[in-house]
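1. Just a sequence and a predicted model for now, questions to come.
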Amino acid sequence: MKKIKYILLIALSVALSGACAGKSKSAKSVSTNVQVAEDRGSEVVQPALYDYRIVKQYPHSKTSYTQGLQFVDGVMWEGTGQNGRSHLQRIDLNTGEVDIVATLTKDEFGEGITHFKEQIYQLTWLSNIAHVYDKQGNHVKMIRYKGEGWGITTDGEHLYMSDGTSVIRRINPDTFKTEKSICVTLGGQPLELINELEWIDGKIWANVYMTYSIVVIDPETGVVEGYVDMPELYTYLDDNPEAEAFNGIAYDAATGHIFVTGKDWCRLFEVEVIR
């Protein structure tokens, strides 16, 4: 992969001024543009461009609108979206068949998921509700929060939540109250549309909505330290006109690989990121 000046991904209709205030922008339909950021000197961290290789391809349901992926004890969990077809489910990697373990109400749009202390947390987009399940799919509790829900992950002690802006919030797992706000920046500029999240080796990996990019974020500073672009994956989606945005990151600590897919994609990919 040829390395060029690092890429700045920004929303066309979102102004950068005040972008880290954390105000939700309901940006699910906002398109994005790829621009080259200017090198403004030594004070700006230039993120590394990572390469990748596809290790394996798996079948994936074309009716699963992927909002979150989580690989736990050899089991692939998935949270899906869209009103009327939002589920928490397990995926058989070999066949692509899904085992639906919980279904949201028709007025709830499912979002990201994470595994925290033997429970699965699932966000909703606009309902201001997180659902918590045990690993058998039994509903344990419901937690209310303010703002939109997009992506969620954990460092094993706290939860981290995105809302489609350039802000990731570290939240209390019991109350979802904000403990810290992290402004995500790339090339010194706020990076909007942070979506699905995954905690990997002390960093937050995040999909950037409506792109094929995953960014690697320092959770202490919010600075994007690296990124990987995967537009090639879309070319493997044979006879899949339903396919929408690239979304979903799951980490396999045993191999160091990640699993990625997209909304209504017919394939799920196991990928080695080369740094």
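-> Received, thanks. Residues are numbered from 1 along each chain as shown.
2. partner strands of the helix or strand where residue 54 lies, parallel or antiparallel?
-> Per DSSP states H and E: residue 54 is located in strand 51-59. Strand 51-59 has its sheet partners listed here by DSSP bridges as strand 267-274 (antiparallel).
3. Could you pull out the helices in the stretch 101-250 of the chain for me?
-> Counting by DSSP state H, counting those that start in this stretch, the stretch 101-250 of the chain has no helices at all.
4. still on that earlier bit, just the C-alpha atoms of the strand holding residue 54, please, in CSV.
-> C-alpha atoms of strand 51-59 as CSV (Å, rounded to 0.1, in the frame of the first residue of the first chain):
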residue,chain,number,x,y,z
ASP,A,51,-1.4,-2.1,5.7
TYR,A,52,-3.6,-5.3,6.1
ARG,A,53,-4.1,-8.7,4.6
ILE,A,54,-7.3,-10.7,4.4
VAL,A,55,-6.8,-14.0,6.4
LYS,A,56,-10.2,-15.6,5.7
GLN,A,57,-13.6,-14.8,4.5
TYR,A,58,-16.8,-16.0,6.2
PRO,A,59,-20.5,-15.9,5.0
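5. Measure how far that strand is from the centre of its chain, please.
-> Its chain's C-alpha centre and that of strand 51-59 lie 18 Å apart, by Cα atoms, centre = their mean, to the nearest Å.
6. can you check stretch 202-213 too?
-> With Cα atoms, centre = their mean, you get 6 Å for stretch 202-213.
7. what does stretch 195-211 give?
-> Chain-centre distance of stretch 195-211: 5 Å, with Cα atoms, centre = their mean.
8. Repeat that for stretch 187-204.
-> That offset, for stretch 187-204, works out to 9 Å (Cα atoms, centre = their mean).
9. again with stretch 155-166
-> Using Cα atoms, centre = their mean, the offset of stretch 155-166 from its chain centre is 10 Å.
10. in it, what's buried?
-> Within stretch 155-166, the residues that count as buried by 16 or more other Cβ atoms under 10 Å are 158-166. C-beta coordinates here come from the backbone N, C-alpha and C atoms, glycine included.
11. Dump those to a markdown table, plus pLDDT.
-> Converted to a markdown table, the buried residues of stretch 155-166 look like this (pLDDT from 0 to 100):
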| residue | pLDDT |
| --- | --- |
| 158 | 96 |
| 159 | 98 |
| 160 | 98 |
| 161 | 98 |
| 162 | 98 |
| 163 | 98 |
| 164 | 98 |
| 165 | 98 |
| 166 | 98 |
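12. Inside strands: which ones of the residues you listed?
-> Among the buried residues of stretch 155-166, the members found in strands (DSSP state E) are 159-162.
13. picking that back up, what is the mean pLDDT for the strand holding residue 54?
-> Here strand 51-59 scores 98 as its mean pLDDT.
14. And for stretch 242-249?
-> 96.
15. got the buried residues for that stretch?
-> For stretch 242-249, by 16+ other Cβ under 10 Å, it's 243, 245-249.
16. I'd assumed residue 55 was in contact with residue 270.
-> Yes. Under the criterion of Cβ atoms under 8 Å, residue 270 makes contact with residue 55 at 4.4 Å.
17. which residues do the two both contact?
-> When Cβ atoms under 8 Å, 6 or more residues apart in numbering defines a contact, the residues bordering residue 270 and residue 55 alike are residue 257.
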